[in-house]
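Novice: sequence unavailable; structure follows:
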Ligand code: 5RP
């Protein structure tokens, strides 16, 4: 099986958590794209979706799935999204696709976070994948210097503007042994919009695409 086939297995397996008549929280990325394809097959049974990015919104609409503004709903049963890394405590690094802030918002209003990944995303310690931080443009240098103080090596993600009009700094070289503490520390820095550490709001269910199909940890 290729990595994409494993992503597909995870994405389609998440359909099992979609309730009839519900509005579904939808993340962003290549694994989620498979989930959106799966969601298209049951579009008559759901009310619609709340999306975490313009890219996912476009794909949902193309398949005829209604997309609700986040402010129109008070809560969601489930949020389905991928991750760049996930540890045994179901804490994640996200934001490889630069959608971390909206992802965190949709995850926050959802009762259950269903994380869909291929087997390469599981790690013992978070941090090999550079940690994305969404930053207000004028704070770029300041936030970079603060990342150095935390032991990281900040790299400006060239040519990327988030859906919120901000920039992304990818922080290399971190070994994140206390994800919740680091999430709090980085979020407290002036100019940081969101750090791509999902430790306080981790995943509730993990669906991993493997050579043998999707494995579910509920
Ligand atoms: C986007 C994300 C994605 O969930 C993460 O990058 C995983 O992407 P993929 O499913 O393409 O491997 O956080 O901001």
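Specialist: Structure's in. What do you need? Everything numeric in this text was worked out from a predicted model, so none of it was measured.
Novice: pull the contacting residues for the closest residue in space to residue 7 that isn't next to it in sequence.
Specialist: With CB to CB, 6 or more residues apart in numbering as the criterion, residue 7 has its nearest non-adjacent residue at 4.2 Å, and that residue is residue 31. Placement of C-beta: from N, CA and C, glycine included. Contacts of residue 31 were listed using CB atoms under 8 Å, 6 or more residues apart in numbering, and they are 7, 10-11, 82, 116-118, 209.
Novice: and those residues near the ligand, which?
Specialist: By CB under 6 Å from any ligand atom, the members of the contacts of residue 31 lying near the ligand are residue 82.
Novice: so which of the contacts of residue 31 is the closest to residue 38?
Specialist: residue 11 (6.0 Å; CB to CB).
Novice: wait, doesn't that closest one sit right on residue 29?
Specialist: No: assessed by CB atoms under 8 Å, residue 11 is found out of contact with residue 29, at 9.8 Å.
Novice: can you list the residues of this protein near the ligand?
Specialist: 27-31, 81-84, 94-100, 103.
Novice: that older thread, now the residue nearest to residue 7, what's its secondary structure?
Specialist: Following DSSP: H, G, I helix; E, B strand; the rest coil, residue 31 is assigned to helix.
Novice: and if you look at the one 5 residues further on?
Specialist: Assigned by three-state DSSP, the conformation of residue 36 is helix.
Novice: which residues touch it?
Specialist: Counting by CB under 8 Å, 6+ apart, residue 36 makes contact with 11, 26, 56, 59-60, 63, 65.
Novice: with residue 102 instead?
Specialist: The neighbours of residue 102, taking CB under 8 Å, 6+ apart as the test, are 28, 51-53, 70, 163-164.
Novice: list the buried residues of the longest strand along the chain.
Specialist: Criterion DSSP state E: the longest strand present in the chain is strand 110-118. For strand 110-118, the neighbour count (16 or more other CB atoms under 10 Å) marks 110, 112-118 as buried.
Novice: among those residues, which two are most distant?
Specialist: Longest span within the buried residues of strand 110-118, CB to CB: 110 and 118, 22.1 Å.
Novice: shaky segments in this protein?
Specialist: Along the chain, no part satisfies pLDDT under 70.
Novice: still on that earlier bit, put the buried members of the residues of the chain next to the ligand into a PyMOL selection.
Specialist: Buried members of the residues of the chain next to the ligand, defined by 16+ other CB under 10 Å, are picked up in PyMOL with:
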select buried, resi 27+28+29+31+81+82+83+84+94+95+96+97+98+99+100+103
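Novice: now, which of the residues of the chain next to the ligand lie within helices?
Specialist: 30-31, 100, 103 (DSSP state H).
Novice: ok, of those, which one's closest to residue 174?
Specialist: residue 100 (15.6 Å).
Novice: among the ones in helices among the residues of the chain next to the ligand, which one lies nearest to residue 18?
Specialist: For those, the nearest to residue 18 is residue 31 (15.7 Å; CB to CB).
Novice: mind checking the end-to-end distance for stretch 87-96?
Specialist: Terminal residues of stretch 87-96 are spaced 16 Å apart (CA to CA, to the nearest Å).
Novice: which outside residues touch it?
Specialist: Contacts of stretch 87-96 (CB under 8 Å, 6+ apart): 29, 81-86, 100, 103, 115, 122-127, 129, 131-134, 168, 176, 179-180, 196-199, 202-204, 206.
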